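Chemist: what's the 3D shape of this:
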Amino acid sequence: MFAVIFGRKGCPFCVRAKDVADSLVESRDDFKYRYIDIQEQGITKADLEKTVGKPVNTVPQIFLDEKHIGGFTEFEAHAKANLGLYQ
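Modeler: Just a heads-up that it's a prediction; the model follows:
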């Protein structure tokens with residue numbers, strides 16, 4: 001499984017999403033992720049909305065195996081329910 005996390009510096013939910021992803025990397029052999037800082041990469045809100053396929057108001061925006069999961073809350077819930085996070 002491969003996750004892509006779109007975030008930005010100074011975003012506490014982005015930090016928490018990376019923490020969840022790091023935990024999954026440590027606990028699972030089949031999980032990897034890439035963090036993309038939208039400010040460093042010059043990705044605009046409009047660019048992100050095209051990628052997500054709907055309006056985006058917050059970061060992080062997270063994809064698992066190219067499927068949009070949502071933000072931190074959805075990612076953490078998915079990881080707990082399906083990926084063995086915190087068990």
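Chemist: Give the buried residues for the lowest-mean-pLDDT helix or strand in the chain.
Modeler: Least confident helix or strand of the chain, by mean pLDDT, DSSP states H and E, is helix 45-52 with a mean of 94. If you call a residue buried by 16 or more other C-beta atoms under 10 Å, then helix 45-52 has these buried ones: residue 48. From N, CA and C alone the C-beta is placed, and that goes for glycine too.
Chemist: Give the burial count for residue 29, as a bare number.
Modeler: When neighbours are counted by other C-beta atoms under 10 Å, residue 29 registers 6.
Chemist: Which of the three states applies to it?
Modeler: Following DSSP: H, G, I helix; E, B strand; the rest coil, residue 29 is assigned to coil.
Chemist: cool, and residue 5?
Modeler: Secondary structure, three-state DSSP: residue 5 is strand.
Chemist: now the helices for the chain?
Modeler: Secondary structure of the chain (DSSP state H): helices located at 12-27, 45-52, 72-82.
Chemist: Save those helices as TSV, and put in distance to residue 64 too.
Modeler: What follows is the helices of the chain, written out as TSV (distance: least, C-beta to C-beta, whole Å):
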stretch	distance to residue 64
helix 12-27	10
helix 45-52	13
helix 72-82	7
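Chemist: among the ones you listed, which is nearest residue 66?
Modeler: Among the helices of the chain, the nearest to residue 66 by C-beta to C-beta is helix 45-52 (10.2 Å).
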